[in-house]
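**Student:** Sequence and computational prediction follow.
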Amino acid sequence: MPDPQKKYDEPSDTLHISFIPGGSATGIELNENILLRIDKRERVAVGLSIFNYSVMAQPTELGLRSVPLTGLAELSTELRELALRILQDAPVRNYLSLLAYTPGGIDPIPITHLLPEIVPSQAA
């Protein structure tokens, strides 16, 4: 697989990462700031868009900024399982770290944070 293409759009503060340029894709809104594009037939990631990137990439005083993947709850079981598998595999895992938050012993809530090494120089 060729190196992903990264493009930061400063006016919209959006980082677009393309794993398969021009590939056919279905968008999955993981939350209000992260859009995962997948090829459902091939079961692979096509791209990733991070909105409000400068905020999402900025560490807090406690560490990396983690966000819940609330959009996964809106998916069918089959599409949710596919999205979770894609999130755990390369190339997406090179950009997002998938974690689980388990408050009070209830079902785990999937959360993520951006890995710091994806920051393009023009967005830093």
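**Tutor:** Arrived safely, thanks for sending. Residues are numbered from 1 along each chain as shown.

**Student:** Enumerate every residue touching the closest residue to residue 87 other than its chain neighbours.
**Tutor:** Take residue 87 and drop its neighbours on the chain: the residue closest to it by CB to CB, 6 or more residues apart in numbering is residue 98, 4.9 Å away. Bear in mind the C-beta positions are built from the backbone N, C-alpha and C, glycine included. With contact taken as CB atoms under 8 Å, 6 or more residues apart in numbering, residue 98 is in contact with 84, 87-88, 110-112.

**Student:** Residue 56 too?
**Tutor:** 33-34, 50, 65, 67, 114 are the contacts of residue 56 under CB under 8 Å, 6+ apart.

**Student:** now residue 87
**Tutor:** 36, 69, 93, 96, 98, 110, 112.

**Student:** Provide the secondary structure category for it.
**Tutor:** When classified by DSSP: H, G, I helix; E, B strand; the rest coil, residue 87 comes out as helix.

**Student:** Then residue 90?
**Tutor:** coil.

**Student:** If I look at it, what pLDDT would I see?
**Tutor:** Here, the pLDDT recorded for residue 90 equals 95.

**Student:** What count of nearby residues applies to it?
**Tutor:** Close neighbours of residue 90, defined as other CB atoms under 10 Å, add up to 11.

**Student:** now the helices for this protein?
**Tutor:** With helices called from DSSP state H, the chain shows them at 53-57, 77-88.

**Student:** Extract the C-alpha trace of the last one and format it as PDB.
**Tutor:** Coordinates of the C-alpha atoms in helix 77-88 are reproduced here as PDB (Å, rounded to 0.1, in the frame of the first residue of the first chain):
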ATOM      1  CA  THR A  77     -24.100  -4.600  14.300                       C
ATOM      2  CA  GLU A  78     -22.400  -5.700  11.100                       C
ATOM      3  CA  LEU A  79     -21.200  -2.200  10.200                       C
ATOM      4  CA  ARG A  80     -20.100  -1.500  13.800                       C
ATOM      5  CA  GLU A  81     -18.000  -4.700  13.900                       C
ATOM      6  CA  LEU A  82     -16.400  -3.800  10.500                       C
ATOM      7  CA  ALA A  83     -15.600  -0.200  11.700                       C
ATOM      8  CA  LEU A  84     -14.100  -1.500  14.900                       C
ATOM      9  CA  ARG A  85     -11.900  -4.000  13.000                       C
ATOM     10  CA  ILE A  86     -10.800  -1.300  10.600                       C
ATOM     11  CA  LEU A  87     -10.000   1.100  13.500                       C
ATOM     12  CA  GLN A  88      -7.700  -1.600  15.000                       C
END
